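*Asks:* this one's structure only:
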Ligand SMILES: O=C(O)CCC(=O)C(=O)O
(Lines give C-alpha, C1' and ligand atoms only; values in the text may rest on other atoms or scores of the structure.)
Protein backbone atom coordinates (compact mmCIF):
# COMPACT_ATOMS: atom_id res chain seq x y z
CA UNK A 1 0.00 0.00 0.00
CA UNK A 2 1.64 3.22 -1.12
CA UNK A 3 1.83 6.36 1.02
CA UNK A 4 -0.71 8.04 -1.28
CA UNK A 5 -3.10 5.08 -0.89
CA UNK A 6 -2.67 5.09 2.88
CA UNK A 7 -3.40 8.81 2.97
CA UNK A 8 -6.55 8.46 0.85
CA UNK A 9 -7.79 5.44 2.79
CA UNK A 10 -7.22 7.14 6.13
CA UNK A 11 -9.04 10.28 4.98
CA UNK A 12 -11.88 8.69 3.00
CA UNK A 13 -12.22 5.10 4.21
CA UNK A 14 -12.11 3.54 0.76
CA UNK A 15 -9.92 3.07 -2.30
CA UNK A 16 -10.39 1.72 -5.81
CA UNK A 17 -7.84 -0.94 -6.75
CA UNK A 18 -7.68 -0.82 -10.53
CA UNK A 19 -7.33 -3.93 -12.71
CA UNK A 20 -7.47 -6.34 -9.78
CA UNK A 21 -8.68 -9.08 -12.13
CA UNK A 22 -7.00 -9.93 -15.42
CA UNK A 23 -9.26 -9.97 -18.53
CA UNK A 24 -9.23 -13.81 -18.37
CA UNK A 25 -10.23 -13.84 -14.70
CA UNK A 26 -12.99 -11.33 -15.40
CA UNK A 27 -14.31 -13.48 -18.25
CA UNK A 28 -14.26 -16.61 -16.04
CA UNK A 29 -16.09 -14.84 -13.21
CA UNK A 30 -18.82 -13.53 -15.49
CA UNK A 31 -19.15 -16.94 -17.20
CA UNK A 32 -19.54 -18.55 -13.78
CA UNK A 33 -22.23 -16.06 -12.74
CA UNK A 34 -24.03 -16.58 -16.08
CA UNK A 35 -23.96 -20.35 -15.52
CA UNK A 36 -25.59 -19.90 -12.07
CA UNK A 37 -28.21 -17.29 -12.92
CA UNK A 38 -30.88 -19.67 -11.59
CA UNK A 39 -29.28 -19.39 -8.11
CA UNK A 40 -29.80 -15.64 -7.84
CA UNK A 41 -32.25 -14.82 -5.10
CA UNK A 42 -34.13 -11.55 -5.63
CA UNK A 43 -34.70 -9.71 -2.37
CA UNK A 44 -38.18 -8.45 -1.49
CA UNK A 45 -37.35 -4.73 -1.88
CA UNK A 46 -36.23 -4.57 1.74
CA UNK A 47 -33.00 -2.58 1.47
CA UNK A 48 -34.26 0.95 0.72
CA UNK A 49 -36.36 0.91 3.92
CA UNK A 50 -38.59 3.99 3.82
CA UNK A 51 -36.39 6.04 1.49
CA UNK A 52 -38.13 7.79 -1.37
CA UNK A 53 -34.87 8.27 -3.28
CA UNK A 54 -33.45 4.77 -2.83
CA UNK A 55 -36.59 2.83 -3.68
CA UNK A 56 -36.66 0.74 -6.84
CA UNK A 57 -38.95 -1.36 -8.98
CA UNK A 58 -37.22 -4.61 -8.10
CA UNK A 59 -35.07 -6.00 -5.30
CA UNK A 60 -31.34 -6.65 -5.35
CA UNK A 61 -30.24 -10.10 -6.50
CA UNK A 62 -28.08 -12.01 -4.03
CA UNK A 63 -25.77 -14.89 -4.92
CA UNK A 64 -23.89 -17.18 -2.55
CA UNK A 65 -21.99 -20.46 -2.42
CA UNK A 66 -19.54 -19.54 -5.19
CA UNK A 67 -16.62 -21.32 -3.48
CA UNK A 68 -18.56 -24.59 -3.66
CA UNK A 69 -19.70 -24.39 -7.29
CA UNK A 70 -18.59 -27.18 -9.64
CA UNK A 71 -15.28 -26.73 -11.41
CA UNK A 72 -14.33 -24.73 -13.35
CA UNK A 73 -16.77 -22.13 -12.01
CA UNK A 74 -15.63 -22.16 -8.37
CA UNK A 75 -12.01 -21.67 -9.36
CA UNK A 76 -12.03 -17.95 -10.11
CA UNK A 77 -13.79 -17.25 -6.78
CA UNK A 78 -11.26 -19.38 -4.91
CA UNK A 79 -8.54 -17.31 -6.59
CA UNK A 80 -10.34 -14.09 -5.70
CA UNK A 81 -10.33 -14.71 -1.93
CA UNK A 82 -6.52 -14.65 -1.90
CA UNK A 83 -5.49 -12.58 -4.90
CA UNK A 84 -1.85 -11.49 -4.42
CA UNK A 85 -2.82 -7.93 -5.38
CA UNK A 86 -5.10 -7.68 -2.32
CA UNK A 87 -2.66 -9.07 0.25
CA UNK A 88 -0.63 -5.87 0.94
CA UNK A 89 -3.83 -3.88 1.58
CA UNK A 90 -5.35 -6.47 3.89
CA UNK A 91 -2.10 -7.00 5.73
CA UNK A 92 -1.69 -3.25 6.25
CA UNK A 93 -5.24 -2.75 7.52
CA UNK A 94 -5.93 -6.06 9.30
CA UNK A 95 -2.48 -7.39 10.10
CA UNK A 96 -0.97 -10.80 9.36
CA UNK A 97 -3.35 -13.73 9.37
CA UNK A 98 -6.35 -11.78 8.04
CA UNK A 99 -9.34 -14.05 7.38
CA UNK A 100 -12.29 -14.19 5.03
CA UNK A 101 -15.56 -13.72 6.90
CA UNK A 102 -17.98 -13.98 3.97
CA UNK A 103 -18.33 -13.81 0.19
CA UNK A 104 -21.46 -12.87 -1.69
CA UNK A 105 -22.54 -11.65 -5.10
CA UNK A 106 -24.65 -8.48 -5.41
CA UNK A 107 -26.54 -8.24 -8.68
CA UNK A 108 -28.71 -5.31 -9.68
CA UNK A 109 -30.79 -5.01 -12.83
CA UNK A 110 -32.03 -1.69 -14.12
CA UNK A 111 -34.46 -0.21 -11.60
CA UNK A 112 -33.19 -2.26 -8.67
CA UNK A 113 -33.57 -0.49 -5.35
CA UNK A 114 -30.67 1.05 -3.45
CA UNK A 115 -29.59 0.24 0.10
CA UNK A 116 -30.07 2.64 3.03
CA UNK A 117 -26.80 4.03 4.36
CA UNK A 118 -25.66 1.94 7.30
CA UNK A 119 -22.66 1.77 9.65
CA UNK A 120 -20.71 5.04 10.11
CA UNK A 121 -18.47 4.62 13.18
CA UNK A 122 -20.97 5.72 15.82
CA UNK A 123 -21.55 3.73 17.91
CA UNK A 124 -17.97 2.43 17.87
CA UNK A 125 -18.07 -1.28 17.24
CA UNK A 126 -15.19 -3.53 18.32
CA UNK A 127 -15.26 -5.78 15.25
CA UNK A 128 -16.13 -2.97 12.79
CA UNK A 129 -14.09 -0.01 13.87
CA UNK A 130 -11.30 2.13 12.47
CA UNK A 131 -8.44 3.38 14.57
CA UNK A 132 -5.16 5.17 13.90
CA UNK A 133 -2.57 4.45 16.54
CA UNK A 134 1.23 4.20 16.83
CA UNK A 135 1.64 5.24 13.20
CA UNK A 136 -0.73 2.62 11.78
CA UNK A 137 -4.32 2.09 10.77
CA UNK A 138 -6.24 -0.68 12.53
CA UNK A 139 -9.44 -1.75 10.83
CA UNK A 140 -12.31 -3.93 11.89
CA UNK A 141 -14.20 -5.71 9.12
CA UNK A 142 -12.72 -4.63 5.82
CA UNK A 143 -14.37 -5.34 2.50
CA UNK A 144 -13.25 -5.83 -1.06
CA UNK A 145 -15.94 -5.55 -3.73
CA UNK A 146 -14.71 -6.86 -7.07
CA UNK A 147 -16.68 -5.34 -9.92
CA UNK A 148 -17.52 -7.76 -12.71
CA UNK A 149 -19.22 -5.09 -14.85
CA UNK A 150 -18.49 -1.40 -15.40
CA UNK A 151 -19.94 1.09 -12.94
CA UNK A 152 -20.33 4.49 -14.59
CA UNK A 153 -20.64 7.77 -12.68
CA UNK A 154 -24.45 7.86 -13.02
CA UNK A 155 -25.13 4.13 -12.83
CA UNK A 156 -25.81 3.81 -9.09
CA UNK A 157 -24.57 0.94 -6.96
CA UNK A 158 -22.04 1.28 -4.13
CA UNK A 159 -22.01 4.69 -2.51
CA UNK A 160 -20.67 6.05 0.76
CA UNK A 161 -20.11 9.14 2.84
CA UNK A 162 -16.31 9.55 2.56
CA UNK A 163 -14.70 10.10 5.95
CA UNK A 164 -17.66 8.76 7.93
CA UNK A 165 -15.53 5.87 9.23
CA UNK A 166 -14.25 8.46 11.72
CA UNK A 167 -17.61 10.00 12.61
CA UNK A 168 -18.25 10.89 16.24
CA UNK A 169 -21.96 11.72 16.11
CA UNK A 170 -24.76 9.31 15.24
CA UNK A 171 -25.91 9.83 11.67
CA UNK A 172 -29.44 11.27 11.47
CA UNK A 173 -31.93 8.98 9.74
CA UNK A 174 -32.70 11.58 7.09
CA UNK A 175 -29.11 11.29 5.86
CA UNK A 176 -29.13 7.51 6.14
CA UNK A 177 -32.29 7.43 4.04
CA UNK A 178 -30.76 9.75 1.43
CA UNK A 179 -33.36 12.43 1.97
CA UNK A 180 -31.06 15.19 3.21
CA UNK A 181 -27.52 16.25 2.26
CA UNK A 182 -27.60 13.90 -0.73
CA UNK A 183 -24.68 15.80 -2.23
CA UNK A 184 -22.42 14.44 0.53
CA UNK A 185 -22.90 10.87 -0.69
CA UNK A 186 -20.31 9.69 -3.22
CA UNK A 187 -21.20 7.00 -5.74
CA UNK A 188 -17.99 5.19 -6.67
CA UNK A 189 -17.42 4.53 -10.38
CA UNK A 190 -15.16 1.62 -11.33
CA UNK A 191 -14.30 -0.47 -14.35
CA UNK A 192 -15.08 -4.15 -14.66
CA UNK A 193 -12.13 -5.92 -13.01
CA UNK A 194 -11.49 -3.11 -10.49
CA UNK A 195 -12.12 -3.62 -6.79
CA UNK A 196 -13.45 -1.22 -4.18
CA UNK A 197 -11.68 -1.61 -0.83
CA UNK A 198 -13.57 -0.10 2.11
CA UNK A 199 -13.75 -0.37 5.84
CA UNK A 200 -17.15 -1.61 6.98
CA UNK A 201 -17.56 1.24 9.48
CA UNK A 202 -17.59 3.71 6.59
CA UNK A 203 -21.23 4.72 6.21
CA UNK A 204 -22.17 3.00 2.97
CA UNK A 205 -25.05 1.62 1.00
CA UNK A 206 -26.15 1.71 -2.62
CA UNK A 207 -27.98 4.01 -5.02
CA UNK A 208 -30.67 2.49 -7.25
CA UNK A 209 -29.19 0.92 -10.37
CA UNK A 210 -29.99 2.95 -13.48
CA UNK A 211 -27.78 1.39 -16.17
CA UNK A 212 -29.21 -1.02 -18.72
CA UNK A 213 -26.48 -3.60 -18.04
CA UNK A 214 -26.51 -5.68 -14.87
CA UNK A 215 -24.46 -4.60 -11.88
CA UNK A 216 -22.29 -7.49 -10.67
CA UNK A 217 -20.22 -6.99 -7.56
CA UNK A 218 -18.52 -9.77 -5.60
CA UNK A 219 -18.27 -8.65 -2.00
CA UNK A 220 -15.64 -10.25 0.22
CA UNK A 221 -15.55 -9.41 3.92
CA UNK A 222 -12.30 -9.86 5.84
CA UNK A 223 -11.41 -9.69 9.50
CA UNK A 224 -8.12 -9.67 11.37
CA UNK A 225 -6.87 -13.10 12.46
CA UNK A 226 -8.37 -13.35 15.96
CA UNK A 227 -11.74 -11.82 15.06
CA UNK A 228 -14.80 -13.61 13.79
CA UNK A 229 -18.42 -12.55 13.85
CA UNK A 230 -19.94 -16.01 13.52
CA UNK A 231 -17.48 -18.45 14.98
CA UNK A 232 -19.27 -20.31 17.77
CA UNK A 233 -18.58 -24.00 18.02
CA UNK A 234 -15.78 -26.14 16.65
CA UNK A 235 -14.17 -24.93 13.47
CA UNK A 236 -14.56 -27.41 10.63
CA UNK A 237 -12.61 -26.73 7.44
CA UNK A 238 -14.85 -26.54 4.37
CA UNK A 239 -15.02 -29.78 2.34
CA UNK A 240 -12.98 -28.26 -0.50
CA UNK A 241 -10.13 -27.14 1.83
CA UNK A 242 -7.61 -29.67 0.48
CA UNK A 243 -8.14 -28.40 -3.06
CA UNK A 244 -6.98 -24.90 -2.12
CA UNK A 245 -3.58 -23.30 -2.35
CA UNK A 246 -1.75 -22.41 0.86
CA UNK A 247 -2.73 -18.73 0.50
CA UNK A 248 -6.39 -19.65 -0.01
CA UNK A 249 -6.32 -22.02 2.96
CA UNK A 250 -4.79 -19.27 5.09
CA UNK A 251 -7.76 -16.92 4.64
CA UNK A 252 -10.16 -19.74 5.58
CA UNK A 253 -8.13 -20.83 8.62
CA UNK A 254 -9.81 -20.82 12.04
CA UNK A 255 -9.62 -17.54 13.92
CA UNK A 256 -6.54 -17.23 16.08
CA UNK A 257 -3.90 -14.87 17.32
CA UNK A 258 -0.95 -14.21 15.02
CA UNK A 259 1.90 -12.37 16.67
CA UNK A 260 3.02 -9.29 14.78
CA UNK A 261 6.70 -8.36 14.67
CA UNK A 262 7.19 -6.72 18.04
CA UNK A 263 10.66 -5.42 17.16
CA UNK A 264 12.35 -7.36 19.97
CA UNK A 265 14.57 -10.42 19.98
CA UNK A 266 12.28 -11.83 22.63
CA UNK A 267 9.53 -12.09 20.03
CA UNK A 268 11.95 -13.44 17.43
CA UNK A 269 10.17 -16.72 16.77
CA UNK A 270 6.86 -14.89 16.17
CA UNK A 271 5.03 -17.50 18.20
CA UNK A 272 2.03 -16.74 20.36
CA UNK A 273 3.32 -15.02 23.48
O1 LIG B 1 -24.53 -2.57 -2.83
C2 LIG B 1 -23.49 -2.38 -2.20
O3 LIG B 1 -22.39 -2.36 -2.73
C4 LIG B 1 -23.57 -2.19 -0.71
C5 LIG B 1 -23.61 -3.51 -0.05
C6 LIG B 1 -23.70 -3.46 1.41
O7 LIG B 1 -23.62 -2.45 2.02
C8 LIG B 1 -23.90 -4.67 2.15
O9 LIG B 1 -24.24 -5.70 1.55
O10 LIG B 1 -23.74 -4.62 3.40
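*Replies:* Cool, the structure landed. Given the structure is predicted, the values throughout are model-derived calculations rather than measurements. Residues are numbered from 1 along each chain as shown.

*Asks:* all strands of the stretch 151-273 of the chain, in order?
*Replies:* Here the stretch 151-273 of the chain has its strands, by DSSP state E, counting those that start in this stretch, at 157-160, 186-187, 195-199, 204-207, 215-223.

*Asks:* So which of these is nearest residue 121?
*Replies:* Of all these, it is strand 195-199 that lies closest to residue 121, at 9.1 Å by Cβ to Cβ. Just so you know, the C-beta spots here come from the backbone N, C-alpha and C atoms, and that holds for glycine as well.

*Asks:* Close to the ligand: what parts of the stretch 51-200 of the chain are there?
*Replies:* By Cβ under 6 Å from any ligand atom, the residues of the stretch 51-200 of the chain that approach the ligand are 106, 115, 145, 157-158.

*Asks:* Widest-spaced pair of these?
*Replies:* Greatest spacing in those, by Cβ to Cβ: 115 and 145 (12.4 Å).

*Asks:* any idea how far residue 146 is from the residue nearest to residue 64 when sequence neighbours are not counted?
*Replies:* The shortest distance from residue 64 to any non-neighbouring residue, by Cβ to Cβ, 6 or more residues apart in numbering, is to residue 104 (5.4 Å). Residue 104 is 12 Å from residue 146, where distance means Cβ to Cβ, to the nearest Å.

*Asks:* list the residues that contact both of those two?
*Replies:* Common neighbours of residue 104 and residue 146, using Cβ atoms under 8 Å, 6 or more residues apart in numbering, are residue 218.

*Asks:* and the two? which has more neighbours close in?
*Replies:* Legend: neighbour count by other Cβ atoms under 10 Å for residue 104 and residue 146, higher for residue 146 (28 against 15).

*Asks:* Throw the residues of the stretch 51-200 of the chain next to the ligand into a markdown table and include pLDDT and neighbour count, thanks.
*Replies:* Shown next, in a markdown table, are these (pLDDT from 0 to 100; neighbours: other Cβ atoms under 10 Å):
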| residue | pLDDT | neighbour count |
| --- | --- | --- |
| 106 | 98 | 21 |
| 115 | 98 | 25 |
| 145 | 98 | 24 |
| 157 | 98 | 28 |
| 158 | 98 | 26 |
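
*Asks:* between those residues, which is closest to the ligand?
*Replies:* Proximity of these to the ligand (Cβ to the nearest ligand atom) peaks at residue 158, which lies at 3.6 Å.

*Asks:* OK, contacts around the closest one?
*Replies:* Residue 158 makes contacts with 145, 151, 187-188, 196, 204, 206, 217, as judged by Cβ under 8 Å, 6+ apart.

*Asks:* Try it again at 6 Å.
*Replies:* Contacts for residue 158 (Cβ atoms under 6 Å, 6 or more residues apart in numbering) come out as 188, 196, 206.

*Asks:* Looking at those residues, spot the one nearest residue 60.
*Replies:* Among the contacts of residue 158, residue 206 lies closest to residue 60 (Cβ to Cβ), at 7.6 Å.

*Asks:* and the residue nearest to the closest one when sequence neighbours are not counted, what does it touch?
*Replies:* Nearest non-adjacent residue to residue 206, counting by Cβ to Cβ, 6+ apart: residue 115, 4.0 Å away. By Cβ under 6 Å, 6+ apart, the contact set of residue 115 is 47, 205-206.

*Asks:* Name the member of the residues you listed with the most neighbours.
*Replies:* residue 206 (26 neighbours).

*Asks:* quick one: contacts for it?
*Replies:* The neighbours of residue 206, taking Cβ under 6 Å, 6+ apart as the test, are 114-115, 157-158.

*Asks:* Is it possible to get TSV of these that adds distance to residue 98?
*Replies:* Shown next, in TSV, are those (distance: Cβ to Cβ, whole Å):
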residue	distance to residue 98
114	29
115	25
157	25
158	21
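
*Asks:* Just the pLDDT at residue 240, thanks.
*Replies:* At residue 240, the pLDDT value in this model is 96.

*Asks:* rewinding a little: go through the contacts of residue 158 and name the one nearest residue 239.
*Replies:* Once Cβ to Cβ is applied, the member of the contacts of residue 158 that ends up nearest residue 239 is residue 196, at 30.4 Å.

*Asks:* Run a quick neighbour tally on the closest one.
*Replies:* By other Cβ under 10 Å, the residues close to residue 196 number 24.
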